[in-house]
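1. Show me the folded form of this:
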Amino acid sequence: MTDVAGKTAFITGGASGIGLAVAEGLIDAGARIIIADVNAEGVEAAAASLRARGGEAIGIALDVTDEAAWERAGQIARDFGPVRLLISNAGVGGGAGAFETYDTEVWRWGYAVNAHAHLYACRTFLGEMKASGEEAHLMLTSSMVAIVPPPISTAYISSKFATLGIAMSLRNELGGTKVGISVLMPGMSSTRIVETTRNLRPVGLETGKAATTSQAMQGVLAGGMAPGKVAAKVIQSIRDNQFWIFTHPEWKRMAELVTADMLAGFGASADPDYVGDDIDGLIAANGGRMFGVKLQEA
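-> Residues are numbered from 1 along each chain as shown. Presented below is the predicted three-dimensional model:
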């Protein structure tokens, strides 16, 4: 999507942090903005701040884990204008502690917000975006922890792995359409995710070590990259139809180490007599493209 002017963008997690910063950048570029957030007061205040910048914007109170609420949000959005830019950005932190000690509800809640909500967002808007025949774009927010997982929160990290997997799969599905796709992989960013997680998590699901870890993370994130800087790169990457959006290049070295470790695991076949998977045939069956890259002539 080379030109966002006049296009309608729907942004989840849009009342603060990266979501609001992206909304500000897009409205300054002439886009029309719909921000959705579970914080009803916050989303109205954010929408008002966007209108004060001289553009068109509305706010929708939306719990991204509520499928029925998405139907209402979709209708409000259609009345405002056809969505051609979908930013599925809402996210929360996870629990802490040893994996086997996780509370089941903490796990389910984290996945509902960080992963399942992408399905609801795409179910609401992606079909229309594809059918329009117009330039459109989808962005999902993952995290650098999906490539370089630190030992902090298996629930959060694995949900961001899920987001990356969804984005990479959609990259294949959207090949040949006019809908571009990006996945945002931010490092430490100065957002309110810890505060949001604490305020939204169901009662009783943050105690002990989880609460202590959240307090520590709040201090770390306070020194992170400003959301406005992240947003500027997001918007340029959308214009450039760039899939990977890496905002923190200092993580490249760690990503290289993870990749090298993975590749080192490849050795001789488990069955010396097996002829091998038909990789070329698989690529051909996908029109010569895999993960959005042209690998052979169709």
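
2. Show me the helices in this protein, by range?
-> 17-28, 40-51, 67-80, 104-111, 117-131, 154-173, 193-200, 209-222, 227-239, 252-263, 279-285 (DSSP state H).

3. Show me what the shortest one packs onto, helices and strands only.
-> By that I understand helix 279-285. Helix 279-285 sits against strand 289-290, with contacts defined as 3 or more C-beta pairs under 8 Å, 6 or more residues apart in numbering; DSSP states H and E. Glycine gets a C-beta too; all of them are placed from N, C-alpha and C.

4. which residues sit in contact with the nearest residue to residue 71 once chain neighbours are set aside?
-> Leaving aside its sequence neighbours, residue 71 sits nearest to residue 124 (C-beta to C-beta, 6 or more residues apart in numbering; 7.5 Å). Contacts for residue 124 (C-beta atoms under 8 Å, 6 or more residues apart in numbering) come out as 70-71, 73-74, 77.

5. Any of these buried? List them.
-> Neighbour-count burial (16 or more other C-beta atoms under 10 Å) applied to the contacts of residue 124 gives 70, 73-74, 77.

6. quick one: which of these is nearest to residue 130?
-> residue 74 (15.2 Å; C-beta to C-beta).

7. So for the residue lying closest to that closest one once chain neighbours are set aside, what's the pLDDT?
-> Closest residue to residue 74 apart from its sequence neighbours, by C-beta to C-beta, 6+ apart: residue 124 at 4.2 Å. Residue 124 is assigned 98 on the pLDDT scale.

8. shaky segments in the protein?
-> 95, 190-223, 291-292, 294, 296-298 (pLDDT under 70).

9. Could you break it into its assigned domains?
-> 8-263, 268-298 (automatic domain parsing).

10. winner for burial among those?
-> Comparing the domains of the chain by mean neighbour count (mean count of other C-beta atoms under 10 Å), domain 8-263 ranks first with a mean of 19.

11. Which of the helices of the chain sits closest to residue 34?
-> Judging the helices of the chain by C-beta to C-beta, what sits closest to residue 34 is helix 67-80, at 5.3 Å.
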